[in-house]
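Chemist: here is my input; please provide its structure:
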Amino acid sequence: MIAREVNSGKKKNIFSKSIPWIIGSSVLVYLIWRIEPQSLIKALSNAQLLVYIPALLIFVYFSFLIDTQNLQALMKHFGHMFSFAESMVIRGASYLILVVDYTLGMGSVIYFLKETRKIPLLQGTAIMIYYNYINQIALLLLAAAGYILLGMSLPWLSKGLILCILLLCLTILAIGVVKHSNISFINRLKKAALMQSFVDSSLQVYLLNTIYRTGYYFTYVLFFYAAVKAFGMDIPFITLIAYVPLILLIISIPVSPFGLGTSQAAMLFLFKDYGSQPQILAFSLAYSVSVLLLRALIGAYYYWIMAGRITLNKGLKEGG
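Modeler: Next comes the predicted model:
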């Protein structure tokens, strides 16, 4: 009876984890079928690899370094001093899981913090929730800046700017209420472990982390600007400042792994004035697959290092 329930639970777990892959794959298959595989293959074969590959390698390398610095700065603000090398191992190891599932990737950072620095799970979770909040704020700010620079040339851009400003105001207002309100319900909320990162952060810490993450996401804009040229598209830099954050926000929605299908659909819509559908789809597929593979390789290397450290720590603990 118990064994049957365990097996049933495992099947449900496998099914729930496969749903995002089914959704993403279905969207992708539909897009390829709609455009026709022959046109897509031609667009891929015409890509200038001597332009794309250097841009990809530089982007993955420097974005990883900036991502590592951002994590190091974040932990320092919450009283945990990490060397750059130690931060690199933690962030790098999380990449192996992050490429499959964003939420699990963030969860792996919490686990690594606990195993290597004995940071309690609740505290680590609170820091990662705060980190994710800062990520969304940075993307909204970058998108809003792009919308303003574009001059509201399209009706939906005006709506996008208004939405970004509203979301920014609401999130900033929510943090202000949490930090300064004396309402009994808010006071109880302040005492919750998962809210401590928001309560303890000063305005300076909020601003610094937002600037750091905006800088990190700006590397995506630079990469897109160089990489789309390899597929015969010339998209204005200012346009990419507005569009790339929107694509990244869509990728962060846990509907499909690494934005599979959803990111391709978003690029087909946003870049439709700058290239043919086969060109856009070819670029979006190359971007998703190549970045995923390179980050998985980084993740595999640092996960191997992390696993060794965790095993050593457990061995020392048992031996001591």
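Chemist: and the helices in this structure?
Modeler: 2-35, 37-45, 49-77, 84-98, 102-117, 121-150, 155-180, 184-190, 196-200, 203-227, 237-252, 262-270, 277-319 (DSSP state H).
Chemist: give me the low-pLDDT residue ranges for the stretch 1-150 of the chain?
Modeler: Applying pLDDT under 70 to the stretch 1-150 of the chain picks out residues 1-18, 20-21, 23-25, 27-28.
Chemist: go again with 80.
Modeler: 1-36, 99-104, 144, 146-150 (pLDDT under 80).
Chemist: what mean pLDDT does stretch 300-309 have?
Modeler: The average pLDDT for stretch 300-309 rounds to 90.
Chemist: buried ones in it?
Modeler: With burial defined by 16 or more other CB atoms under 10 Å, the residues of stretch 300-309 counted as buried are Tyr302, Tyr303, Met306, Arg309. In short, each C-beta sits where N, CA and C put it, glycine included.
Chemist: closest to Ile19 out of those residues?
Modeler: Tyr303 (25.2 Å; CB to CB).
Chemist: ok, that closest one touching Val99?
Modeler: No - using CB atoms under 8 Å, Tyr303 is not in contact with Val99; the gap is 11.4 Å.
Chemist: which residues touch the closest residue to Thr219 other than its chain neighbours?
Modeler: For Thr219, ignoring the flanking residues on the chain, the nearest one in space by CB to CB, 6 or more residues apart in numbering is Ser63 at 4.6 Å. Counting by CB atoms under 8 Å, 6 or more residues apart in numbering, Ser63 touches Tyr216, Thr219, Tyr220, Phe223.
Chemist: quick check, nearest of those to Ser276?
Modeler: Comparing the contacts of Ser63 against Ser276 with CB to CB places Phe223 closest, at 21.3 Å.
Chemist: quick check: nearest residue in space to the closest one, chain neighbours excluded?
Modeler: Phe59 (3.8 Å).
Chemist: then Arg295?
Modeler: Per CB to CB, 6+ apart, closest to Arg295 is Tyr95, 4.6 Å.
Chemist: Met267 too?
Modeler: Sequence neighbours aside, Ser284 is the residue nearest to Met267 in space, at 4.4 Å (criterion: CB to CB, 6+ apart).
Chemist: touching, that neighbour and Ser263? I think so.
Modeler: Yes - between Ser284 and Ser263 there is a contact under CB under 8 Å: 6.1 Å.
Chemist: where's the most centrally placed residue in the chain relative to Gln136, distance?
Modeler: Nearest residue to the geometric centre of the chain (CA atoms, centre = their mean): Ser252, 5.6 Å. According to CB to CB, to the nearest Å, Ser252 and Gln136 sit 8 Å apart.
Chemist: shared neighbours of those two, anything?
Modeler: By CB under 8 Å, 6+ apart, no residue touches both Ser252 and Gln136.
Chemist: picking up where we left off before, take the buried residues of stretch 300-309 and write them to a markdown table, including distance to Ile148.
Modeler: Listed next are the buried residues of stretch 300-309 as a markdown table, based on distance: CB to CB, whole Å:
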| residue | distance to Ile148 |
| --- | --- |
| Tyr302 | 38 |
| Tyr303 | 41 |
| Met306 | 42 |
| Arg309 | 46 |
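Chemist: my guess is the residue nearest to the centre of the chain contacts Thr103, does it?
Modeler: No - between Ser252 and Thr103 there is no contact under CB under 8 Å: 9.7 Å.
Chemist: ok, now which ones touch the residue lying closest to Asn46 once chain neighbours are set aside?
Modeler: Using CB to CB, 6+ apart and skipping the chain neighbours, the partner closest in space to Asn46 is Gly232 (6.9 Å). If you count contacts by CB under 8 Å, 6+ apart, Gly232 has them with Ala43, Asn46, Gly275, Gln279.
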